[in-house]
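Student: Everything below, folded, please.
(chains A and B)
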Number of protein chains: 2
Amino acid sequence: MPILVMKFGGTSVATLDKIKSAAKRVSREVANGYDVIVVVSAMSGETNKLVGFVNDTSQMYDAREYDAIVSSGENVTAGLMALTLQEMNIPARSWQGWQVPLKTNSSHASARIEEIPSDNIMEKFADGMKVAVVAGFQGISPEGRITTLGRGGSDTTAVAFAAAFEAERCDIYTDVDGVYTTDPRITNKARKMDKVSFEEMLEMASLGAKVLQTRSVELAMRYNVKLRVLSSFEEYDPNAGTLICAEEDIVESNVVAGVTASRDEAKMTLSSVADRPGIAAAIYGPLAEAGVNVDMIIQNISEDGRTDMTFSCPTDQVSRAEQAINAAHERGDFNFAGLISDTDASKISLVGIGMRSQSGVAAKMFKVLSDEGINIKVIATSEIKISVLIARKYTELAVQALHDAFELEKA
Amino acid sequence: MPILVMKFGGTSVATLDKIKSAAKRVSREVANGYDVIVVVSAMSGETNKLVGFVNDTSQMYDAREYDAIVSSGENVTAGLMALTLQEMNIPARSWQGWQVPLKTNSSHASARIEEIPSDNIMEKFADGMKVAVVAGFQGISPEGRITTLGRGGSDTTAVAFAAAFEAERCDIYTDVDGVYTTDPRITNKARKMDKVSFEEMLEMASLGAKVLQTRSVELAMRYNVKLRVLSSFEEYDPNAGTLICAEEDIVESNVVAGVTASRDEAKMTLSSVADRPGIAAAIYGPLAEAGVNVDMIIQNISEDGRTDMTFSCPTDQVSRAEQAINAAHERGDFNFAGLISDTDASKISLVGIGMRSQSGVAAKMFKVLSDEGINIKVIATSEIKISVLIARKYTELAVQALHDAFELEKA
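Tutor: Numbers count the residues shown, from 1 in each chain, chains lettered A, B, ... in the order given. A predicted model of the protein is given here:
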């Protein structure tokens, strides 16, 4: 039998009724001829409640105990899902992480999956079981302690199972119906994509399209797992949602797949820095140590041995960045004339694998923004992405204008 | 180091503050020089919530999934207790049932403990760990599934650990401060006992003194585990509570240890039953099949080949008993003249190991009741117990009169 992995997030299993409606989706896939591995999150709110208990008990908590505590919500939904399927006369049973066993390293609270032996569950499938319900987010360390996988851990669990069991596909049921060309709250022309490549999804996930955790997409890309994101609150439709797959599985695609916006970006400029070998390390080393997530970096052309250095980071890390730079300055690590922090910025990005082979996308982007009177503060590009920082008030205008200009509403 | 087992019930770990106050009790015993095994229940209300989820999902549920679900509450408190102890700088860690492993048979929802290997935890004690926190109520079956031990399971877990680790004592912290000579709500002369024998406690537990589950007392008796019941809501006192121990550890004791009352008892009489070999089996077999818990059984002297048969059972099982008897009658299994159900009864019992060697207790009991004008409906005796059924309205009067007459307020 072909194997299908179906993952239901916290909002999809928030109540017994929602578990029942998720189970109905599972039953359809069983009827379609699949052996199904269901991965469940905790009922929404449960994990936060448990994390709250831990934080209220201890500030510097033992992550091994944290994991033992916060993993318990998934065990409840796994059992309830198995019972619900049995009520529908579908042979099903639950597995907790240690029962599979889903083996991880010992990095508690953010463990990496090392191995998922498939023999145990495959044997049960051979015996007539139709659905294996797996508690997401959790595993077991070499020391026999419970581990958790960190944020988005259940998505990662689902993709890892799909890889280990060579599943035909991994369906991620969530509260949105797919991946859009841009945020539908910004323009009603935003179009749900039928397909998007792993690379594009990775760029879009890290840029603020919060549908899937980056880590699960990386894992899917590495093992070539076909991922589908779809809503657990819509009518059943075998072609629903967005398929995230390898580039070669997408026959024809737009040059630009989507446009993303990320608010709360700040631009920081160090003016007239003495340019010398090692200056970049001298500046960005202390920033990394201070926990500042530097995103874009621009270094202007050096004149008379001095240069301007510009970088972007999240708005709420600006004061931390200022402290780190001033401290380095006082230590004499480097010197500069001025430090200007501009906390009024949004990052607008165009993402598309077609940009690799087609030139002129950047030029067109700059022209569209210029026509709207939007000044560009910083530009950064990668193989399949162009990002610009602009004043925050132009966020919607820029996204709408770019969406129109690149005709993203058309498939 | 000597080992002490401390068990905290649901009300003793109901909130983070209560967990903290329980942890303080643990820290005192660590300071007293013990290596401590703490057994915890789920926060009060949690297990009922989970059982509710299961019942709402499925009427004829798979007990293996039930166990996987309802055991999760204990995992949370075990982790929180370990964290709380660590915050107090006491080396501690949690163990879930499968991690110990606490091995049980496969009777899900009412599993029997088969083995508790001690090497794993003893090794950690040798390494400097001071407290092993164990999730109560749960174990692992030979098939690797999670099992639970049924009602009072955490008491049973605690006693089993005390036996396996040859603990000096097993302290059961609960919401009452010990075992009383009778229900303090019936008479304020009720006295907390310092010591009571296993045998007496067993009779009192099964007769309605709901302090400890019968099963944990049986286990303690079999392995001679010193059990102490005490309150988790009172000031620390090394001699608090009631010690439940072997008869030989009690130097001097009253002939009668306590008097118990059980309301909701019914007396049923079959009059003029044809007396023949096998008649008792013909009557009580169908009752057992119908799930009627027959308690006392009295057969009058046979006259002219006919006899009266009287038995008692819980009030809410009377109609079930009537149906079973009438059905057997119609099948011709036996015949009788009449069936009288008296649902207005209480069972009053005197319990005491001293009754083995001292006669006259029964006679004195009957005289005390007679002096109060209380009619005795049924009498039953065992080696260390005398029970009578009386009209329910006399319950308090009988208990108070007997408590006074046998001077139970005096140690």
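Student: Next, find the distance separating A:Ile113 from A:Lys103.
Tutor: Noted for A:Ile113: a distance of 7 Å to A:Lys103, by CB to CB, to the nearest Å. Glycine gets a C-beta too; all of them are placed from N, C-alpha and C.
Student: For A:Thr343, what are phi and psi?
Tutor: Torsion angles at A:Thr343 (phi, psi; degrees, to the nearest 10) stand at phi -90, psi 10.
Student: Give the bridge partners for the residue lying closest to it once chain neighbours are set aside, please.
Tutor: Closest residue in space to A:Thr343, ignoring its immediate chain neighbours: A:Ala266 at 4.5 Å, by CB to CB, 6 or more residues apart in numbering or on different chains. A:Ala266 has these beta-bridge partners by DSSP bridges: A:Cys313.
Student: Burial check on A:Ala266, number of neighbours?
Tutor: 20 (other CB atoms under 10 Å in any protein chain shown).
Student: just the helices in the stretch 301-411 of chain A please.
Tutor: For the stretch 301-411 of chain A, applying DSSP state H, counting those that start in this stretch gives helices covering A:318-331, A:361-371, A:395-405.
Student: what packs against the first one?
Tutor: In other words, helix A:318-331. strand A:258-274, helix A:279-289, strand A:338-351 (3 or more CB pairs under 8 Å, 6 or more residues apart in numbering or on different chains; DSSP states H and E).
Student: Report the rounded mean pLDDT for the very next helix or strand once past the shortest one.
Tutor: Remark: after helix A:279-289, the chain's next helix or strand is strand A:297-299, criterion DSSP states H and E. Throughout strand A:297-299, pLDDT has a mean value of 85.
Student: can you tell me which residues contact A:Pro101?
Tutor: Contact analysis of A:Pro101 by CB atoms under 8 Å, 6 or more residues apart in numbering or on different chains lists A:Pro117, A:Gly139, A:Ile140.
Student: which residues touch A:Val5?
Tutor: Neighbours of A:Val5 in contact, by CB under 8 Å, 6+ apart: A:36-39, A:158-159, A:161-162, A:165, A:167, A:169-171.
Student: which stretches of chain A have low pLDDT?
Tutor: Along chain A, the model assigns pLDDT under 70 to residues A:206-210.
Student: picking up where we left off before, would you tell me which of the helices of the stretch 301-411 of chain A gets closest to B:Leu4?
Tutor: B:Leu4 sits nearest to helix A:318-331 of all those, at 48.7 Å, using CB to CB.
Student: What residues of that closest one count as buried?
Tutor: Neighbour-count burial for helix A:318-331 flags A:Val318, A:Ala321, A:Ala324, A:Ile325, A:Ala328, A:His329 (criterion: 16 or more other CB atoms under 10 Å in any protein chain shown).
Student: Now flag whichever of these is closest to chain B.
Tutor: Chain B lies nearest to A:Ala324 out of these, by CB to the nearest CB, at 31.9 Å.
Student: Now for the closest residue to A:Trp98 other than its chain neighbours, how many residues are close by?
Tutor: Once flanking residues are discounted, A:Trp98 sits nearest to A:Ile140: 4.2 Å by CB to CB, 6+ apart. When neighbours are defined as other CB under 10 Å, A:Ile140 has 21 of them.
Student: Could you pull up phi and psi at A:Ile140?
Tutor: Per degrees, to the nearest 10, the backbone of A:Ile140 is at phi -130, psi 140.
Student: quick one: it and A:Leu149 touch, right?
Tutor: No - the pair A:Ile140 / A:Leu149 is not scored as a contact, 11.7 Å apart, by CB atoms under 8 Å.
Student: between the two, what contacts are shared?
Tutor: A:Thr104.
Student: May I see the contacts of A:Val5 arranged in JSON lines, with distance to B:Lys189 as well?
Tutor: Shown next, in JSON lines, are the contacts of A:Val5 (distance: CB to CB, whole Å):
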{"residue": "A:Val36", "distance to B:Lys189": "65"}
{"residue": "A:Ile37", "distance to B:Lys189": "64"}
{"residue": "A:Val38", "distance to B:Lys189": "61"}
{"residue": "A:Val39", "distance to B:Lys189": "61"}
{"residue": "A:Ala158", "distance to B:Lys189": "65"}
{"residue": "A:Val159", "distance to B:Lys189": "69"}
{"residue": "A:Phe161", "distance to B:Lys189": "65"}
{"residue": "A:Ala162", "distance to B:Lys189": "70"}
{"residue": "A:Phe165", "distance to B:Lys189": "69"}
{"residue": "A:Ala167", "distance to B:Lys189": "71"}
{"residue": "A:Arg169", "distance to B:Lys189": "74"}
{"residue": "A:Cys170", "distance to B:Lys189": "70"}
{"residue": "A:Asp171", "distance to B:Lys189": "69"}
